[in-house]
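S.K.: coords below, sequence missing:
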């Protein structure tokens, strides 16, 4: 499981994971009828990978797993065997190919917040009279858009008005976004949104947030 040598796809993805300490991880133990979900942050110790979790988090002591790691350049999906080595850490032993499930046009930084959305258009069809609304969780964002997790599938080319329910962000109200890609995950649907004609103030706010996040990450490396 050496992630520092070689040039194949698996080695490349392992190197990306090796540089992504602190990234959000959704890990699912898959040995039971219903997958047990545990969420935490990626830990990297040489060529060993783990997930830090709150000490009181209930989860199996060991078992086969599938996981999604939300790196800055995309979502990596991997599977293997996991062992809880302490109250605060699960050690992951990946097996097989690490998948690059989503490629991004620009750098994204982790950002968690609840979002609400309103249906606006699908292709050339006006949906505002439907009064359709929904909820999701923001996972990351960049200058061109954001990634959210939604409980239902939203089709590509759907335009929605997204409100980020977090201090500072909710001041901008509804931001128009278009669904560029969608991927089914173990917990729902990973939905990639592109900003549609964002205001100058909103763009400046996003840029400052991304730059500050990157600066903070580099200081902790």
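M.R.: Everything's here; your move. Keep in mind it's a predicted model, so treat the numbers as computed, not measured.
S.K.: show me what the longest helix seen in the chain is packed against.
M.R.: Taking residue count as the measure and DSSP state H as the definition, the longest helix of the chain comes out as helix 200-220. Using 3 or more Cβ pairs under 8 Å, 6 or more residues apart in numbering; DSSP states H and E as the contact criterion, the secondary-structure elements in contact with helix 200-220 are strand 109-122, strand 133-141. No exception for glycine: its C-beta is placed from N, CA and C like everyone else's.
S.K.: I figured residue 99 hits residue 74, correct?
M.R.: No. Contact between residue 99 and residue 74 fails when scored by Cβ atoms under 8 Å: they sit 9.6 Å apart.
S.K.: thinking again about what came up before, quick check: mean pLDDT across the longest helix of the chain?
M.R.: Along helix 200-220, the predicted confidence averages to a pLDDT of 80.
S.K.: where exactly do the strands run in the protein?
M.R.: 24-29, 36-45, 48-52, 62-71, 74-86, 89-100, 109-122, 125-126, 133-141, 145-150, 158-165, 175-185, 188-195 (DSSP state E).
S.K.: name the strands paired with the shortest one and say parallel or antiparallel.
M.R.: In the sheet, strand 125-126 lines up against strand 109-122 (antiparallel) (DSSP bridges).
S.K.: quick check: angle from the strand it pairs with to strand 24-29?
M.R.: Using axes from the mean of the first three to the mean of the last three Cα atoms, to 10 degrees, the direction of strand 109-122 lies 80 degrees away from that of strand 24-29.
S.K.: give the bridge partners for the closest residue to residue 76 other than its chain neighbours, please.
M.R.: Setting aside the residues directly before and after it, residue 76 is nearest to residue 69 in space (Cβ to Cβ, 6 or more residues apart in numbering), at 4.6 Å. Here residue 69 sits in beta bridges with residue 25, residue 76, as judged by DSSP bridges.
S.K.: mind checking how far residue 192 is from residue 214?
M.R.: Spatial separation of residue 192 from residue 214 under the definition Cβ to Cβ, to the nearest Å is 20 Å.
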